[in-house]
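Q: Model the structure of this input:
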Amino acid sequence: MPDSESKLVSSHEVVVNRTSDLSEMKIPAEKRSAEKRTVTHIEKNGYPDSIYINAAKIFQGIHTEKSKDRMLVQYGDNSESPMMAFKDEHSRRVSYELAFNALKYQDLLEQILLDSSAYPCYSIPDELTSLLVVMLYDLQDRKFQERKIFDEDELVAEVQEVGQYLYSYRTKLAAALARCRIKHDALSIEYFVPETIWKQEQRASALPVCVWINTFKISLEDVIKDLEMRGLTKVESVSDFDHYTFAVDQHCHDVLVFPSSLREELLNLDLFADYKLLLQDKSRSLAVHSAQALLSEGGDIIVAHVGSHLTIAHMSVLTNHSMSTIFVCGVKSSAREELRNSFSHMGCENIQLLHEDFTELEPTDRRLEKAKVILLLPQCSGLGVGNPMEFILSENRDAGLLQDLFQGFVSEDKLSILAERQLNELIHALKFNKVQAIVYCTCSVYPEENELVVKKALESGVEGDKARRYRLIPSVFSTCSNSEASTEMFFKMEPSEISSGCFLAVLQREKNTSKKVSAKDILASAAAKGLLDGIVEEKPKEEVKKQKVKRRRRKVTVSDSKPKAAKLLHRQTGANVKAEVSVSKAASKIQEKHVCVCRKKPASNIQEKRVPHKSSQ
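A: Residues are numbered from 1 along each chain as shown. Model (predicted):
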């Protein structure tokens, strides 16, 4: 055992030393100590009053409502949507985290209030019960120590009242918590977290960190050099991860993946501060890469939802070398300036913000006449995401996802409403005449939001161009090449410890086979590409006239056994002949047919059957 212990200590020292080295390289000592002081201040002294108010409003909308026979704690009316004002992104994040923690421990916190006789309190109305529960969670998290009030904090009367009331009951509240833990033999309050939440949080904690590279500011090669200089080692895949390692994602060439243990250290690197690396779930990178792969040169992209500004920025970066414009729908006036500033910091310039929601846009809108691809990332149940908190914060999604996650499922009514909305948006996307492809992507695990939505949309018959209907095609990440294998046409990732869940469907218009062009134009195009090997070289007019006379005299015809395209080409013998053939068939088979004619006819006949050049027509 001594040898084992010494090895363990030695290994621990190596990890500590490497962590220290990376920390020293990532931020200056002064900044690092200041950040530590800030964290310590929050952990020991609680939060500003505004955070408790916002957390209580969020919790009011997501708390578990119990049946009347079990409803011992009353929460008042929560029918109205709460109005919240966050000072900054940090305040927003902390408010949501505090609300979710209150939800996770709702049963325990209610039991503590009842056992300590702190509830009911007739001086505190039911409308403030959510604030009471939220602040109780924070009080026990601070080990029932008094919260310090700083001069710069803006005080809220309700928060001051509830805080003082709870602190006056601190001894009884601590005793009630201790009795509950003794009863259940719980080493910590984590024992009381529901199993569904516990398992999900275990997956989230192990989930690799995905970041995409902003090539407006730095190249993949330079990022790798920078990381290797900081002591990280590039490996082939996630399965090769050690602590200080990273890998290039197997699907997206501009996405790097890191072990979850490096998350906090990575976020403090200058690469993130300078917007060279951006943290985002891989499912969004899959969506933008799919859209970019479908984009023809000079075509524009419609992003149907604002969602995360990082998704839009990633789309902008991927279209850097084209003349594309990215139109973003549903941008409200209040968010417009903030978005523009974010895009400016990231170097994104080809983005145009539209205030209309996607379904309000007319398919004939002149601003969108060059749009070739629609990226549709609809609001979904989101139960496939690895980190629900990050998903809500980055995508500006409904906090109700936390309640669904707590329950482990989405109610049938809510699922039906989501699926109907998704279907309406996809059907609307089908109406844009000039759009060539649609990428539909969700983070849902329910077929009702995925395969069934796509199937119903395609069966609806509502398409802008009846001559060119949409069909499913494999995504650029799929190994499927058989268009008949519909079950393999969707790209899916199941939620796991190495990835979030993702559903991806790609719809593309069928090629226009109805458009006909003249045979001479086909041959001219083929000749310009060097496919005819001189077969249509220009001849003197006298020679052309002689050949026409010979053709009429000998009544030469092409055998019915030859391919249809060959018959059409050889029947073009006079000005009155109006044979027309498909571009795709003629261009691809013209050389083969020429060889066939050469083998079956004498050399003299080949000369006679040359097709006249444009000047002789």
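
Q: so how many other residues sit close to V156?
A: 16 (other Cβ atoms under 10 Å). Just so you know, the C-beta spots here come from the backbone N, C-alpha and C atoms, and that holds for glycine as well.

Q: is it true that it touches P48?
A: No. V156 is beyond contact range of P48, at 9.0 Å (criterion: Cβ atoms under 8 Å).

Q: which other residues reach stretch 339-350?
A: By Cβ atoms under 8 Å, 6 or more residues apart in numbering, the list of residues contacting stretch 339-350 from outside reads 214, 216-217, 275, 278, 306, 309, 312-313, 316-317, 319, 324-326, 331, 351, 353.

Q: at 7 Å what do you get?
A: Applying Cβ atoms under 7 Å, 6 or more residues apart in numbering, the external contacts of stretch 339-350 come out as 214, 216-217, 275, 309, 313, 316, 319, 324-326, 331, 351, 353.

Q: out of those, what pair is the most spread apart?
A: K217 and V331 (24.0 Å; Cβ to Cβ).

Q: distance of the closest residue to S219 other than its chain neighbours from V134?
A: Leaving aside its sequence neighbours, S219 sits nearest to I213 (Cβ to Cβ, 6 or more residues apart in numbering; 7.7 Å). The spacing between I213 and V134, counted by Cβ to Cβ, to the nearest Å, is 39 Å.

Q: These two: who's more crowded?
A: V134 (31 against 24).

Q: returning to that earlier point: and K217 and V331? Which one has more around it.
A: Remark: of K217 and V331, V331 carries more neighbours, 21 against 17, as counted by other Cβ under 10 Å.

Q: where's the more buried one relative to R93, distance?
A: For V331 relative to R93 (Cβ to Cβ), the value is 22 Å.

Q: Repeat that for W198.
A: Distance from W198 to R93, by Cβ to Cβ: 22 Å.

Q: and what of L108?
A: If you go by Cβ to Cβ, the gap between L108 and R93 works out to 24 Å.

Q: got it, and S130?
A: When S130 is compared with R93 (using Cβ to Cβ), they lie 19 Å apart.

Q: Those two: which has the busier surroundings?
A: Neighbour totals were compared for S130 and R93, and S130 leads with 25 against 16 (other Cβ under 10 Å).

Q: Give the helix, strand or coil label for the more buried one.
A: helix (DSSP: H, G, I helix; E, B strand; the rest coil).

Q: In this structure it contacts I58, no?
A: No. Look at S130 against I58 with Cβ atoms under 7 Å: they stay out of range, at 8.7 Å.

Q: quick one on the thing from earlier: give the ChimeraX command for selecting the buried subset of the contacts of stretch 339-350.
A: One line in ChimeraX is enough to select the buried ones among these; burial here means 16 or more other Cβ atoms under 10 Å:
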select :214,217,275,309,313,316,319,324,325,326,331,351,353
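
Q: What is the nearest of the contacts of stretch 339-350 to C443?
A: Closest to C443, out of all of the contacts of stretch 339-350 and judged by Cβ to Cβ, is H309, at 17.4 Å.

Q: can you give me the strands in the stretch 201-350 of the chain?
A: Per DSSP state E, counting those that start in this stretch, the stretch 201-350 of the chain carries strands over the ranges 209-213, 233-234, 245-248, 255-258, 277-279, 300-303, 326-328.

Q: give the contact list for D49.
A: Per Cβ under 7 Å, 6+ apart, neighbours of D49: D153, E154, L155, V156, V159.

Q: Restricted to helices, list those.
A: Counted as lying in helices by DSSP state H, out of these, are V159.

Q: What does the pLDDT read for E13?
A: pLDDT, E13: 43.

Q: got it, and A206?
A: Reported pLDDT for A206: 89.

Q: List the contacts of it.
A: Taking Cβ under 7 Å, 6+ apart, one finds S260, E497 in contact with A206.

Q: Mind doing that once more with 10 Å?
A: By Cβ atoms under 10 Å, 6 or more residues apart in numbering, A206 lies in contact with P259, S260, S261, G386, S496, E497, I498.

Q: Could you check how far the nearest residue to the first one once chain neighbours are set aside is from C502?
A: Right, the one you point to is P259. Nearest in space to P259, with sequence neighbours left out and distances taken as Cβ to Cβ, 6+ apart, is F241 at 4.9 Å. Distance of F241 to C502, computed by Cβ to Cβ: 21 Å.

Q: Who has more neighbours out of those two?
A: Counted by other Cβ under 10 Å, F241 and C502 do not tie: C502 has more neighbours, with 25 against 20.

Q: Please work out the average pLDDT along stretch 245-265.
A: Here the average pLDDT along stretch 245-265 is 94.

Q: Then stretch 508-525?
A: 69.

Q: How about stretch 422-442?
A: 96.

Q: Likewise for stretch 446-455?
A: Mean predicted confidence for stretch 446-455 is 96.

Q: before we move on, what about stretch 151-158?
A: 84.

Q: and that stretch, how far apart are its ends?
A: End-to-end distance of stretch 151-158: 18 Å, with Cα to Cα, to the nearest Å as the criterion.

Q: Return the set of buried residues in it.
A: Buried-residue list, stretch 151-158, by 16+ other Cβ under 10 Å: V156, E158.

Q: contacts for that stretch?
A: 47-53, 56, 87, 124-125, 127-128, 131, 149, 159, 162-163.

Q: R70: neighbouring residues, count only.
A: Neighbour tally, R70, other Cβ under 10 Å: 7.

Q: just to revisit the earlier point, check the strands of the stretch 201-350 of the chain for me and report the most buried one.
A: Ranked by mean neighbour count, the strands of the stretch 201-350 of the chain are led by strand 300-303 with a mean of 26 (mean count of other Cβ atoms under 10 Å).

Q: Please identify the pairing partners of that strand and their relative orientation?
A: For strand 300-303, the paired strands and their directions (DSSP bridges) read strand 326-328 (parallel), strand 371-376 (parallel).

Q: Dump those strands into CSV; add mean pLDDT as well.
A: As requested, the strands paired with strand 300-303 are arranged in CSV below (pLDDT from 0 to 100):
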stretch, mean pLDDT
strand 326-328, 97
strand 371-376, 97
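
Q: In JSON lines: those, plus distance to M71.
A: Formatted as JSON lines, these follow (distance: least, Cβ to Cβ, whole Å):
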{"stretch": "strand 326-328", "distance to M71": "44"}
{"stretch": "strand 371-376", "distance to M71": "41"}
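
Q: count of neighbours near the residue lying closest to R468 once chain neighbours are set aside?
A: Distances taken as Cβ to Cβ, 6+ apart place R509 nearest to R468, at 4.4 Å, with adjacent residues excluded. Using other Cβ under 10 Å, R509 has 21 other residues around it.

Q: Thought Q436 was touching R509, still the case?
A: Yes. Contact status for R509 versus Q436: in contact at 5.3 Å, counting by Cβ atoms under 10 Å.

Q: Show me where the stretch 351-500 of the chain has its helices.
A: With helices called from DSSP state H, counting those that start in this stretch, the stretch 351-500 of the chain shows them at 388-395, 400-407, 412-430, 451-459.
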